[in-house]
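Trainee: Based on what follows, work out the 3D shape:
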Amino acid sequence: MEKLFFTLFAFLLVSTTQVLAQTPSKTDSVYVYPPNFFTAPRTIHPPKNAKVKPPKSQDLVVSVETNAPDMGWRIGGMGQLGFALNNYGNWSAGAINTTNIDTNIDLFADYQKGKFTLSNTGKFDIGLVGSNAFLIKDNPNTKFWRKSLDIFSITSSLGYKFNDNVSLTLPITFTTQFLPTLQFQPENPGLTANVSALYPSDTNSIVSRFVSPANTTLSVGIKWEPLKEGNSKMQFSVDMLAQSKTTIVQNNDIARIYSLSSGVGIEQSNSTGIYGNIIDVDNNAVQKVRPEFGAATDIIFVYSGIKNVTFRSRMGLFKNFIKNKFNGISDPKNTSLTMDVNWLNKIDFRVPITFAGKTLYFNTTFEHQLIKDADITVFNRKGDTTKGIQSRFFFGASLNYQFGHQR
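Mentor: Below is the predicted model:
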């Protein structure tokens, strides 16, 4: 996997260098092709309304009176609300009553002036499932509602276009969740379970909440877009980045949750938390900010060649080059030898519906995500801590409303 990653990274880097060298350099009014660009005589078709000048020596120079467009701000988004209710009475086949509510809002604000671009996106999803099966009679600690979906993601990217296909990119991302995530007892799903932690508290059934954890990335690199969605039915782009990645666990109780059994740690009695942070047992201290630095590749493919159907696939690869250290303690797991993978595939089927002069969209979504991160510990269905590939599948149908510009 690592050899494949570095081979792909090297190939893309060399390809980008060649593109920069061979693609016509676009100035305010001139396209310049390098010597011997054409291997045989052929007819040259300059851009529309171009003024062609005779070539000098072996260079071909085409004068084009054009400038990069200033598009200003384009702001818009999409909102959706889904609801489902299942209610049974003396049902012979057997079932439980459930109520499902989910909503999401996708926002964007893009700006372009000359060769500079700024792209901002926000994705906010909340899903709840409620059932009487979660309740235990005469126990006020059990709750009817539980969350089934929780995404808080903001991305901002500043770019500078070298030409139509290659640009400098500086993306920043921030991801976390809205609501607390509770750990429940596997033998009695109605009751919460306290997890193993350093000096546990009454709230140690909560394994995540807002900014615990949160992940931020700051990157700089090259974006290559050989296919653009606006010009064809397909979009393909590759980002090659140097990336700084930070995991934040702001909540003290969550930062103290062991990824391993209490007392089984990385150095004598010390251990690591479920989000890769170091727990210094001897000094009663926990690491709340875990830094990483390495190389990243972001690959995006979009296909919209079928009416009302869009397929999107995005794969993010990250290779960390530094070891994690805190209070003089070094994590010997050396996860810098592994690679993080985040792969998301999504199919949207969207049909426009006009109602009271407004256009709504009936939307059906299939979404599947795989995450592999050697630093992260998860709880399996038995309530035990484990490491492995995280998987998420979502299928939903809803009514959507689009506002502002369309991206």
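
Trainee: shaky segments in the stretch 101-250 of the chain?
Mentor: Counting by pLDDT under 70, the ranges of the stretch 101-250 of the chain that qualify are 201-203, 229-231.

Trainee: And for the stretch 301-407 of the chain?
Mentor: 332-337, 380-385, 407.

Trainee: Report how many residues lie close to N284.
Mentor: 10 (other Cβ atoms under 10 Å). No exception for glycine: its C-beta is placed from N, CA and C like everyone else's.

Trainee: That one: what's it in contact with?
Mentor: N284 sits next to L198, Y199 when contact means Cβ atoms under 8 Å, 6 or more residues apart in numbering.

Trainee: Next one: it from N270, what distance?
Mentor: In this view, N284 and N270 are 11 Å apart by Cβ to Cβ, to the nearest Å.

Trainee: try H405
Mentor: On the measure of Cβ to Cβ, H405 and N270 end up 52 Å apart.

Trainee: What of Q406?
Mentor: In this view, Q406 and N270 are 53 Å apart by Cβ to Cβ.

Trainee: Looking at these two, which one has more neighbours?
Mentor: With neighbours defined as other Cβ under 10 Å, Q406 and N270 compare such that N270 has more, 20 against 10.

Trainee: Hmm, N277 and that one touching each other?
Mentor: No. Judged on Cβ atoms under 8 Å, N270 makes no contact with N277 at a distance of 11.5 Å.

Trainee: List phi and psi for A255.
Mentor: Backbone torsions of A255, given as degrees, to the nearest 10, read phi -70, psi -20.

Trainee: So it is in contact with K288, correct?
Mentor: Yes. A255 lies in contact with K288 (Cβ under 8 Å); the separation is 5.4 Å.

Trainee: gap between S196 and V249?
Mentor: Distance from S196 to V249, counting by Cβ to Cβ: 16 Å.

Trainee: Give me the more crowded residue out of these two.
Mentor: V249 (25 against 16).

Trainee: show me what contacts the residue lying closest to that one once chain neighbours are set aside?
Mentor: Closest residue to V249 apart from its sequence neighbours, by Cβ to Cβ, 6 or more residues apart in numbering: A255 at 4.2 Å. Residues in contact with A255 (Cβ under 8 Å, 6+ apart) are S212, V249, G273, Y275, N277, I279, V286, Q287, K288.

Trainee: if we go to 10 Å?
Mentor: A255 makes contacts with 197-198, 212-213, 248-249, 273-275, 277-279, 285-289, as judged by Cβ atoms under 10 Å, 6 or more residues apart in numbering.

Trainee: measure it to V281 for me?
Mentor: Using Cβ to Cβ, A255 is found at 13 Å from V281.

Trainee: May I have the beta-bridge partners of V238?
Mentor: Listed by DSSP bridges, the beta-bridge partners for V238 are W224, I299.

Trainee: how many other residues sit next to it?
Mentor: When neighbours are counted by other Cβ under 10 Å, V238 registers 20.

Trainee: I figured N188 was touching A133, is that so?
Mentor: No. Counting by Cβ atoms under 10 Å, N188 does not reach A133; the two are 11.3 Å apart.

Trainee: The helix or strand containing I154 pairs with which strands?
Mentor: Using DSSP states H and E, I154 maps to strand 145-161. The pairing partners recorded for strand 145-161 under DSSP bridges are strand 116-131 (antiparallel), strand 166-176 (antiparallel).

Trainee: In CSV, list those along with distance to S232 and mean neighbour count.
Mentor: Converted to CSV, the strands paired with strand 145-161 look like this (distance: least, Cβ to Cβ, whole Å; neighbours: other Cβ atoms under 10 Å):
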stretch, distance to S232, mean neighbour count
strand 116-131, 20, 17
strand 166-176, 18, 18
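
Trainee: F311: which of the ones you listed is closest?
Mentor: Evaluated over the strands paired with strand 145-161, closeness to F311 peaks at strand 116-131, with 18.0 Å, by Cβ to Cβ.
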